[in-house]
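Novice: give me the fold of what follows.
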Amino acid sequence: MLKYNHIIELRTALKEELESYMGKDHIKLSVDDKLLKRILIENKKFAIDFELVKKLDLTGFKFFNIDISGLDFTGSKGVRINPQKILNKDMHLCKLNSVTIKGSLDDVLIIGTDFTGSNGARINPEKVAFKNMSCAKLNDAKIISDVKNVYIAGTDFSGCIGGAKIYVDEVIDKDLRYTIFNGCNLYGTFRWAKVENTNFSHSKGAVLDAQRLYGRSLNGTKLTDAELLGSLTGVDIRNTIFYGCKDRKIYKSTCETKELIKIIKEDFKK
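Specialist: Residues are numbered from 1 along each chain as shown. Below you'll find the model as predicted:
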């Protein structure tokens, strides 16, 4: 077995080659997987900038017990990851473009994870780590159960395979702020839900009574394809987009004149 100082020499040489390589093809190294792992990994993390590592053909490379949190796999080749085998089951803030996921995402940390361009991701929302998939981008992932008893603030459901069924009254804290519901079927009353900067475009089933929202606020919310009930008196509608809102009825008594002017102008964009 090679001594540590020899591994450092090999690592330095590989780094230099990767830095100078400008080709488009991924390089498949003629070393066995165990040696490659010793060269690339130090203290369970990549010892070479991962942007350089992505120039390699990583087919067959084992990510067992390696810290991959925050890594961007875009443009990589041959990456297959079993989420149950990585260090701490931690995939938060990863960009998984080009990655094939083999294995369950149960108990895996996916806060802020971007599944766009990945293959094989199947998510049971109630079983992810800490019941939290806030700020995840679920494009190309499949949601395999109803969405409830989980944090989803900031989650982007656009492009998730087969869409998602979301029971908004059962979402933890009813916190839907910054969530994008594109392609989702929504169920529930939305009573006391937090919907600031929420995007309902291309969703189904959203019926909101503005007077019964948390803080009576629709600030920054895109109400396209949602249905709005009740008066807007005292409701915060700063930066709210009403274009495409179903059955909207707004009277002069419901909001300030300048806000009505904004709404009227939006009607002319139809």
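Novice: show me what the biggest helix by length in the chain is packed up against.
Specialist: Across the chain, the longest stretch assigned as helix under DSSP state H is helix 4-20. Counting contacts by 3 or more Cβ pairs under 8 Å, 6 or more residues apart in numbering; DSSP states H and E, helix 4-20 packs against helix 33-40, helix 50-53. (Each C-beta comes from the backbone N, C-alpha and C, glycine too.)
Novice: how about a markdown table for those helices, with mean pLDDT added?
Specialist: Putting those into a markdown table (pLDDT from 0 to 100) gives the following:
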| stretch | mean pLDDT |
| --- | --- |
| helix 33-40 | 95 |
| helix 50-53 | 98 |
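Novice: dump these into JSON lines; add mean neighbour count as well.
Specialist: As requested, the helices and strands packed on helix 4-20 are exported to JSON lines (neighbours: other Cβ atoms under 10 Å):
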{"stretch": "helix 33-40", "mean neighbour count": "16"}
{"stretch": "helix 50-53", "mean neighbour count": "16"}
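Novice: quick one: which of these is nearest residue 145?
Specialist: Shortest separation from residue 145 across the helices and strands packed on helix 4-20 is recorded for helix 50-53, at 32.5 Å, computed as Cβ to Cβ.
Novice: can you name every helix or strand that the closest one contacts?
Specialist: Counting by 3+ Cβ pairs under 8 Å, 6+ apart, helix 50-53 packs on helix 4-20.
Novice: any idea of the mean pLDDT in the helix it packs on?
Specialist: Averaging pLDDT along helix 4-20 gives 96.
Novice: change the start of the numbering to 363 and stick with it
Specialist: Understood, numbering begins at 363; the last thing we discussed is helix 366-382.
Novice: what residues does it touch?
Specialist: By Cβ atoms under 8 Å, 6 or more residues apart in numbering, the residues outside helix 366-382 that reach it are 364, 391, 400, 401, 402, 409, 410, 411, 414, 415, 417, 418.
Novice: quick check: the closest residue to residue 444 other than its chain neighbours vs residue 445, distance?
Specialist: Nearest non-adjacent residue to residue 444, counting by Cβ to Cβ, 6 or more residues apart in numbering: residue 465, 3.7 Å away. Per Cβ to Cβ, to the nearest Å, residue 465 is found 5 Å from residue 445.
Novice: then residue 578?
Specialist: 41 Å.
Novice: give me the more crowded residue out of those two.
Specialist: Comparing residue 578 with residue 445 by other Cβ atoms under 10 Å, the one with more neighbours is residue 445, at 23 against 14.
Novice: can you tell me the helix or strand for that one?
Specialist: Under the criterion DSSP states H and E, no helix or strand holds residue 445.
Novice: so it makes contact with residue 461?
Specialist: No: judged on Cβ atoms under 8 Å, residue 445 makes no contact with residue 461 at a distance of 10.3 Å.
Novice: list the contacts for the residue nearest to residue 451 when sequence neighbours are not counted?
Specialist: Leaving aside its chain neighbours, residue 451 sits nearest to residue 470 (4.6 Å; criterion: Cβ to Cβ, 6+ apart). By Cβ under 8 Å, 6+ apart, the residues touching residue 470 are 445, 446, 451, 452, 453, 490, 491.
Novice: stretch 438-446 spans what distance, first to last residue?
Specialist: One end of stretch 438-446 to the other measures 21 Å (Cα to Cα, to the nearest Å).
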